[in-house]
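1. Below are the sequence and a predicted model; questions follow.
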Number of protein chains: 2
Amino acid sequence: MHRPRRLPLLLILLGLLPAVARALLPPPRFPGPHARPRPRAGARDGVGGGYEFETRYFRQRLDHFSFSGEEEFFQQRYLVGRAGAGGWAGPGGPIFFYCGNEGDIAWFAANSGLVWDAAPRFAALVVFAEHRYYGESMPFGSKDKAYNNSRSMAYLTAEQALADYAVLLTDLKRNLSSESSPVVLFGGSYGGMLAAWMRLKYPHIAVGALASSAPILQFEDIVPDTIFYDLVSNDFKRESLSCFQTIKDSWKELDEQGNGQDGLLKLSKTLHLCQTLNTTGALSDWLNSAYSYLAMVDYPMPSEFLMPLPANPIKEVCRNIDKQPEGSSILERIYAGVNIYYNYTGTVDCFDLDDDPHGMGGWDWQACTEMVMPMSSSEGLSMFPPDEFDYALYADDCVKNFGVRPRPRWISTEFGGHNISSVLEKFGSNIIFFNGLLDPWSGGGVLKNISESVVAIVAPLGAHHIDLRPATKEDPDWLVSLRESELEIISGWLSDHYRARGGAIFQRATNKGSAAS
Amino acid sequence: MHRPRRLPLLLILLGLLPAVARALLPPPRFPGPHARPRPRAGARDGVGGGYEFETRYFRQRLDHFSFSGEEEFFQQRYLVGRAGAGGWAGPGGPIFFYCGNEGDIAWFAANSGLVWDAAPRFAALVVFAEHRYYGESMPFGSKDKAYNNSRSMAYLTAEQALADYAVLLTDLKRNLSSESSPVVLFGGSYGGMLAAWMRLKYPHIAVGALASSAPILQFEDIVPDTIFYDLVSNDFKRESLSCFQTIKDSWKELDEQGNGQDGLLKLSKTLHLCQTLNTTGALSDWLNSAYSYLAMVDYPMPSEFLMPLPANPIKEVCRNIDKQPEGSSILERIYAGVNIYYNYTGTVDCFDLDDDPHGMGGWDWQACTEMVMPMSSSEGLSMFPPDEFDYALYADDCVKNFGVRPRPRWISTEFGGHNISSVLEKFGSNIIFFNGLLDPWSGGGVLKNISESVVAIVAPLGAHHIDLRPATKEDPDWLVSLRESELEIISGWLSDHYRARGGAIFQRATNKGSAAS
């Protein structure tokens, strides 16, 4: 499997969590190198995850919504699938467009097999567009310059990114003499939010969207702010009550040990850290991250999306926690558990928690401007220490770190979210909201059908955008059939489009199993 | 009738025309003082057109779409209707929101009687919001500073204005503890475009929109670029073929006379100008403006929207042109005609064409950035000199005058327009597009029903947003009944809203005739 060379941003997809967790639980950490897949040798261009693409660049406008006469542009990277067997139907044929999220687009391309696998069936052109300020798509010529200060970062917003995609698609279709092409949007996580919002804001540009694991309701008080950590906790509880309880008990234990004589030294040894801790906070964050990520990627097959992991990793973690010899301490059990996450390959001798928690991470910026997702940890249901979201603290932290004050109500003003069912019941069409209920982000997702064509597909045993992942031989039947349902809905959008135009249907193959083959 | 004190921008509503006409016909003029209603003494605040309102200000963000950490704010003016008989239903009750266009909001409030007249029937709260950079809603503290240069004007865009309305409404509803209130949007001309776009972009904020005379299709090549002037010409032709022909012949005559010995002096005398012309261009523009404005306000009752005018003003103009004694020259006839428009009250001794055609008019800026509406004059059907829209010339002119280059494709990228029927057939709901076919802007309007709830109401004998105008005793039956149809549709939106919430219907009165009474 291909992985891009530049990795520092790979995990900001999951940065959703640490960023919002800042005002929550002990001061959070941004996922450090320990949480990252190691780079591998591989073609930088051309092939990712076995998919062939060309890398292209588009001269994109930095600020779509003002006209200063001194306009800046930047090179936006996008990947275009090379014609495989059969290839694109040609002008007028479908375009499958992945709305890049907060990371290197090649990584999303490699991890979104559904788009590639389904394209031949519809003779669709595949395009993966990189999100501004991520990967290579840097304004002002370099990441250093783009991330220099609040003025240079000012244009890192979802609205600007959506406008990028709208302009890119409009231009691309014109250049292909393919203005009438139906565009289907895809996206996972924040990319799924973008896909859904794009269908809502730019219905003239795309006929529909598959928004996978898109927590578009995780704003203000639309969903309970405890839901994320409650769901993480549930994932552990369902595997093992004792495992859940061990983790729940561990925080107090950790604090007590940390406060004792030589406590931090002992803790560092117990947890096999490379360096002695200065505070217990960093350790709490490191553990918290592991549990939350585990919940997101609790796939029923081995995966390497974040870290090399076995199938059903939470089951494995809990098995390790539970199976320690009697008399093992809570923290010894905890170590045995997280070792599955941070060291499944067994190649890590000690864990390095060092990382720059205040690095100008792109998602941190977004979380400090418009992506304010309040999160608390409940007293009862959560295995994490109780914690209430403190907006004032959160906002002050943003001012301190980035020189900006968040606009916590802006996203729901711009994109809606309150009463979404009644709003979208009569407005909007052709959106699939996929959620896996093991995924803690499903708490902020759309879980019920809103109308005939704004539908929810829910996988009780699915995790974070599992539907988008490349098909494997280990895929359970429910996953194969769920993907098939999604493609049938998409097929309906395309048929509608072509029927309305009286043209030919570009659905080349009828092989139902092609997406999962 | 109340008129606001500050008048310089009153007519930029109609500035739509001169701005786009820049690259068309002889160099155009912005409507000068001769085209403006004279200010009258009257309450600045409190009462407009007999409607009672309070003036309020909202601290509005200058740039909604970026976060620089050095954010600017300005005071946005809005008018809130004073509780009349019955008043507002209270929290949860309907809100009628007028999307201010390019001018002083008090002027639109005074000329949009439908909103006021209909409000009591639904116990609705009336709000008229002023568009940024117009009236009193000036960024940077003053018009001089706001209109200083391209950097200060940068944020004068439709997208920012829509976001203003979204933020204002969200805040207003929260302050009124009325988050569940259904909002109905109103707007005429550019304000109608904003109302339609707002319903499309912010369906969570408003349940529907009455977009009156909104030329949302007057972009790129969506409609023929000759349609505006063809429609103006038709309005004259339908009154009198000889009148049409006289005007059509006058341009050549005007040029020939202007080129002859003492030609400009003679022309100036024939047309009763206060000062001798330097070129014929200014005169052509002055005439062109009169014809185009006449077509827009060709109402079947006396009006003072732009100028004091009789009912059916084109009929009067043509009568004057045609009734001149035999042997009258073409230009004597022309003078007799435009005298109706520019001097119906008979109080003008001579016409003053002097005005600053390069004043930093707000609409001129908008036309030079995103509101690029290509317009040509056809050889055959038009009574104007043939002219082809020359985008390069237009763009250069914008760079010269404002230091910005237009983005001619941006509006349709952002808001759509191409294939609007097929896009909106399955997407969007609750929009009324009103058009009067005498109105030359109807050429860029939506004239056919798109779906069950995105409907077109077309008045064959109506002119520019006649439906919105205050009801008068002279209103023809078709107008009374057309307004009633609009209100019945709006009533349906409100009923749907309250039914879905299981709440009471706030439709206080059932008196069908109330809107026109």
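-> Cool, got the structure. These numbers come from a predicted model, not from an experiment. Numbers count the residues shown, from 1 in each chain, chains lettered A, B, ... in the order given.
2. Contact residues of the stretch 1-150 of chain A facing chain B?
-> A:63-70, A:149-150 (C-beta under 8 Å from any C-beta of the partner chain). Every residue, glycine included, has its C-beta placed from N, CA and C.
3. Out of these, who's the most crowded?
-> Scoring the residues of the stretch 1-150 of chain A next to chain B on neighbours with other C-beta atoms under 10 Å in any protein chain shown, the highest-scoring entry is A:Phe67 at 28 neighbours.
4. Quick check: closest non-adjacent residue to that one.
-> Closest residue in space to A:Phe67, ignoring its immediate chain neighbours: B:Thr369 at 4.3 Å, by C-beta to C-beta, 6 or more residues apart in numbering or on different chains.
5. same question, A:Trp116
-> Nearest to A:Trp116 is A:Tyr51, by C-beta to C-beta, 6+ apart, at 4.5 Å.
6. residues contacting A:Asp322?
-> Shown in contact with A:Asp322 (C-beta atoms under 8 Å, 6 or more residues apart in numbering or on different chains): A:240, A:242-243, A:246, A:333.
7. The residue of the stretch 401-517 of chain A found nearest chain B: neighbour count?
-> Closest contact between the stretch 401-517 of chain A and chain B, by C-beta to the nearest C-beta, is at A:Gly416 (3.1 Å). By other C-beta under 10 Å, 24 other residues sit near A:Gly416.
8. If the residue nearest to A:Trp116 is in a bridge, with which residues?
-> Listed by DSSP bridges, the beta-bridge partners for A:Tyr51 are A:Gly48.
9. ok, now which ones touch it?
-> A:Tyr51 is in contact with A:81, A:109-110, A:113, A:116, A:126, counting by C-beta under 8 Å, 6+ apart.
10. Among these, find me the one that's closest to chain B.
-> Once C-beta to the nearest C-beta is applied, the member of the contacts of A:Tyr51 that ends up nearest chain B is A:Val126, at 21.9 Å.
11. Show me the contacts of A:Tyr51 that map onto strands.
-> A:81, A:126 (DSSP state E).
12. export the contacts of A:Tyr51 to JSON lines and tack on pLDDT and neighbour count?
-> Below are the contacts of A:Tyr51 laid out as JSON lines (pLDDT from 0 to 100; neighbours: other C-beta atoms under 10 Å in any protein chain shown):
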{"residue": "A:Gly81", "pLDDT": "93", "neighbour count": "22"}
{"residue": "A:Ala109", "pLDDT": "94", "neighbour count": "25"}
{"residue": "A:Ala110", "pLDDT": "91", "neighbour count": "24"}
{"residue": "A:Gly113", "pLDDT": "95", "neighbour count": "21"}
{"residue": "A:Trp116", "pLDDT": "94", "neighbour count": "26"}
{"residue": "A:Val126", "pLDDT": "96", "neighbour count": "27"}
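13. how about the residue nearest to A:Phe67, phi and psi?
-> Main-chain dihedrals, B:Thr369, degrees, to the nearest 10: phi -120, psi -80.
14. Isn't it up against B:Val404?
-> Yes. Counting by C-beta atoms under 8 Å, B:Val404 is a contact partner of B:Thr369 at 5.7 Å.
15. Which residue of those two possesses the greater neighbour count?
-> The neighbour comparison of B:Thr369 against B:Val404 (other C-beta under 10 Å) goes to B:Thr369, with 25 against 20.
16. if we can go back for a sec, could you report the separation of the residue nearest to A:Trp116 from A:Pro120?
-> 11 Å (C-beta to C-beta, to the nearest Å).
17. likewise A:Met383?
-> For A:Met383 relative to A:Pro120 (C-beta to C-beta), the value is 44 Å.
18. again with A:Asp104
-> For A:Asp104, the distance to A:Pro120 equals 25 Å [C-beta to C-beta].
19. Among those two, which residue is more densely surrounded?
-> Using other C-beta under 10 Å, the more surrounded residue of A:Asp104 and A:Pro120 is A:Asp104, with 25 against 21.
20. mind checking how far that one is from chain B?
-> 23 Å (C-beta to the nearest C-beta, to the nearest Å).
21. looking at it, that residue is touching A:Gly135, isn't it?
-> Yes. Using C-beta under 8 Å, A:Asp104 makes contact with A:Gly135 at a distance of 3.9 Å.
22. who's in contact with the residue nearest to A:Phe67?
-> Taking C-beta under 8 Å, 6+ apart, we find B:Thr369 in contact with A:67, B:156-157, B:398, B:402, B:404, B:406-407.
23. Now with 6 Å, please.
-> A:67, B:404, B:406 (C-beta atoms under 6 Å, 6 or more residues apart in numbering or on different chains).
24. Mind listing what's buried along the longest helix along chain A?
-> What stands out as the longest helix in chain A, according to DSSP state H, is helix A:477-501. By neighbour count on 16 or more other C-beta atoms under 10 Å in any protein chain shown, the buried set for helix A:477-501 is A:479, A:482-484, A:486-487, A:489-491, A:493-494, A:496-498.
25. Please say whether there is contact between that helix and chain B.
-> Yes. Counting by C-beta under 6 Å from any C-beta of the partner chain, contacts between helix A:477-501 and chain B involve A:Ala500.
26. tell me what that helix is packed against?
-> Helices and strands touching helix A:477-501, as assessed by 3 or more C-beta pairs under 6 Å, 6 or more residues apart in numbering or on different chains; DSSP states H and E, are absent.
27. rerun that using 8 Å as the cut-off
-> Applying 3 or more C-beta pairs under 8 Å, 6 or more residues apart in numbering or on different chains; DSSP states H and E, we find helix A:477-501 packed against helix A:113-122, strand A:183-188, strand A:208-212, strand A:431-436, strand A:454-459, helix B:420-425.
28. Skipping its backbone neighbours, what lies nearest A:Ile247 in space?
-> Using C-beta to C-beta, 6+ apart, the nearest residue to A:Ile247 is A:Met383, at 4.7 Å.
29. from the middle of its chain, how far away would the helix or strand that contains A:Glu316 be?
-> Here A:Glu316, judged by DSSP states H and E, is contained in helix A:313-323. Relative to the centre of its chain, helix A:313-323 is centred 25 Å away, using C-alpha atoms, centre = their mean, to the nearest Å.
30. do stretch A:492-500 as well
-> Per C-alpha atoms, centre = their mean, the centroid offset for stretch A:492-500 relative to its chain is 30 Å.
31. CA atoms only: put that stretch into CSV for me.
-> The C-alpha coordinates for stretch A:492-500 follow below in CSV (Å, rounded to 0.1, in the frame of the first residue of the first chain):
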residue,chain,number,x,y,z
GLY,A,492,-30.2,5.8,-9.0
TRP,A,493,-28.9,9.3,-8.9
LEU,A,494,-27.0,8.8,-12.1
SER,A,495,-29.9,7.1,-13.8
ASP,A,496,-32.2,10.0,-12.8
HIS,A,497,-29.7,12.4,-14.2
TYR,A,498,-29.4,10.7,-17.5
ARG,A,499,-33.0,9.9,-17.8
ALA,A,500,-33.8,13.6,-17.2
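32. what about the residue nearest to A:Leu176 when sequence neighbours are not counted, which SS state?
-> Nearest residue to A:Leu176, sequence neighbours excluded (C-beta to C-beta, 6+ apart): A:Pro91, at 6.1 Å. Classification of A:Pro91 using DSSP: H, G, I helix; E, B strand; the rest coil returns coil.
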